[in-house]
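>>> Sequence and predicted model, in that order:
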Amino acid sequence: MVVADLHVHTTNSDGTLTLSTLPDAAKRADVDVVAVTDHDRTHPELSTPVAHLDGITVVHGIELRVETDTERIDLLGYGVVRTDELDALVESLQTNRIERGRRIIESVEERLGVELPVEPREGLGRPHIARAVAEVTDYEYTEVFDELIGDDGPCYVARDIPSFERGRSVLEDACGIVGLAHPYRYDDTEAALERCSELDAVERFYPYGREVDTRPLDRAIENYDLLATGGSDAHEETLGKAGLDREDYRRFRTAL
């Protein structure tokens, strides 16, 4: 039974939950603990590493995309204490997101001849733009990625990504736990798991929607003495699709 969902997004990045709606969503899923891990951004309303909202424990986290020599991967930092370096990195990434969002919006509007109901802002992600396109055109949400703004799409714009070394260092100074997110979403899972030799944890439980061979993951946990984390990667209102049971959460809490 999932008691801790440690990978959740809010409107602070590209989710639909807010801190005010999160407790009810957690209670509907019988989840006691939620980690808010917005993309490349700390949550401005969470001033402590761990908070308590309406009976729910909320861990302040961040999901940070970083560049390795083979591909881009995502790091999850838990128990955020804001530092000058983290603030500077987040500010730089959000400035880039605003400009990137503006360029994608302009490209889509020009290509489709529409005006999208979305504005460039901090925290803006492609899901926001995809929802806006679906709202004013016949495109389905997934079609917007497939045909317009996906990595190979005509309206795609790349964004700035810190190196693995810099991202890990900044998160290590600011967070109690730093781990690898969803290892089976990368083109080279083995290479991504090798990066765990420099991390504290790895996301062991995740709703991939397909069968995965977890043996390499379990070997990495054993070889690198990693903490197992887990979460639903929720961008909408449903929590608890994956996460930690009570025993695994106790280990996480102790480490944090």
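On my side now, so go ahead. Numbers count the residues shown, from 1 in each chain.

>>> hey, let's count contacts and neighbours off CA atoms from now on
Fine.

>>> Relative to the centre of this protein, pull out the residue lying furthest away.
Gly113 (31.9 Å; C-alpha atoms, centre = their mean).

>>> Please report how far it lies from Leu244.
Distance, Gly113 to Leu244, by C-alpha to C-alpha, to the nearest Å: 46 Å.

>>> do the same with Ser232
As for Ser232, its distance to Leu244 is 10 Å (criterion: C-alpha to C-alpha).

>>> With Leu180 instead?
Distance from Leu180 to Leu244, counting by C-alpha to C-alpha: 15 Å.

>>> same question, Cys155
Distance from Cys155 to Leu244, by C-alpha to C-alpha: 38 Å.

>>> So for these two, which sits in the more crowded spot?
Leu244 (27 against 21; other C-alpha atoms under 10 Å).

>>> so Arg72 bridges to which residues?
Per DSSP bridges, the residues bridged to Arg72 are Glu67.

>>> er, Leu17 actually
Counting by DSSP bridges, the residues bridging with Leu17 are Thr10.

>>> Distance check, it against Arg204.
Taking C-alpha to C-alpha, one finds Leu17 at 24 Å from Arg204.

>>> And for Arg121?
Distance of Arg121 to Arg204, computed by C-alpha to C-alpha: 33 Å.

>>> Tell me the buried residues in whatever helix or strand Asp248 lives in?
Assigned by DSSP states H and E, Asp248 falls within helix 246-255. Applying a neighbour-count criterion of 16 or more other C-alpha atoms under 10 Å, one finds 248-249, 252 buried in helix 246-255.

>>> packing partners for the one helix or strand Glu143 maps to?
Using DSSP H and E, Glu143 maps to helix 141-144. Contacts defined by 3 or more C-alpha pairs under 8 Å, 6 or more residues apart in numbering; DSSP states H and E place helix 141-144 against helix 126-136.

>>> I'd like the distance from the helix it packs on to the chain centre, please.
With C-alpha atoms, centre = their mean, to the nearest Å as the basis, helix 126-136 stands 19 Å off its chain's centre.

>>> And for stretch 200-215?
For stretch 200-215, the distance to the chain centre is 15 Å (C-alpha atoms, centre = their mean).
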